[in-house]
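K.L.:
what follows is a predicted protein model with its sequence.
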Amino acid sequence: MDINFELLMNKAKEASKYSYSPFSKFAVGAAVLMSNGEIYTGCNIENSSFGLTICAERCAIFKAVSVGQKEILAIAIYSPNEDDCYPCGACRQVMYEFQGENEISVITEVNGTPVVRKMSDFLPFGFRI
């Protein structure tokens, strides 16, 4: 399947507008492309009990998994606060968990240009059972 990186990044940008980040003031949006061609979006949602906060990437992935989609092809991550916004360690492990047979593409943006990397660049020794 061909991946439209620009479309995926635009979906992540739109999702970032819904971020609830009153504490960090660091909005993030994510768009995840699943193996069936569907795109699911998510944003970071903070909580005054910080342990209940969820990152944009996990929000999008969990939305997909909750309707039966379990194989990620690509994920775009965007923050209006920072170029080249990387996923946190927890998100990297969740992304790895739902990586299928093909290594997923992780799309960020630098100076308005999409940058595509492989999951192994972010989590070289990920594990799943």
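P.N.:
Yep, that arrived. Numbers count the residues shown, from 1 in each chain.

K.L.:
so what's residue 82 closest to, chain neighbours aside?
P.N.:
residue 26 (7.6 Å; CB to CB, 6 or more residues apart in numbering). (Glycine included, C-beta is placed from N, CA and C.)

K.L.:
neighbours of that neighbour, how many?
P.N.:
14 (other CB atoms under 10 Å).

K.L.:
and it, how close does it get to residue 81?
P.N.:
Using CB to CB, to the nearest Å, residue 26 is found at 5 Å from residue 81.

K.L.:
contact partners for the residue nearest to residue 82?
P.N.:
44, 79, 81, 82 (CB atoms under 8 Å, 6 or more residues apart in numbering).

K.L.:
try residue 90
P.N.:
Taking CB under 8 Å, 6+ apart, one finds 55, 58 in contact with residue 90.

K.L.:
cutoff 7 Å now
P.N.:
Taking CB atoms under 7 Å, 6 or more residues apart in numbering, we find residue 90 in contact with residue 58.

K.L.:
same deal with residue 47?
P.N.:
residue 53.

K.L.:
report pLDDT for it.
P.N.:
At residue 47, the pLDDT value in this model is 97.

K.L.:
surely it is within a strand?
P.N.:
No: counting by DSSP: H, G, I helix; E, B strand; the rest coil, one finds residue 47 to be coil, located in no strand.

K.L.:
phi, psi of it?
P.N.:
Reported as degrees, to the nearest 10, the phi and psi values for residue 47 are phi -140, psi 150.

K.L.:
for residue 53, see how far away it is.
P.N.:
5 Å.

K.L.:
check residue 115 too.
P.N.:
Distance check for residue 115 against residue 53: by CB to CB, it reads 26 Å.

K.L.:
just residue 72 next, same as before
P.N.:
With CB to CB as the criterion, residue 72 and residue 53 are 22 Å apart.

K.L.:
more neighbours, these two?
P.N.:
The neighbour comparison of residue 72 against residue 53 (other CB under 10 Å) goes to residue 72, with 28 against 15.

K.L.:
the more buried one: what's it in contact with?
P.N.:
32, 34, 61, 95, 98, 99, 100, 104.

K.L.:
at 10 Å what do you get?
P.N.:
Residue 72 sits next to 32-35, 40, 57, 60-61, 64-65, 94-100, 102, 104-106, 119 when contact means CB atoms under 10 Å, 6 or more residues apart in numbering.
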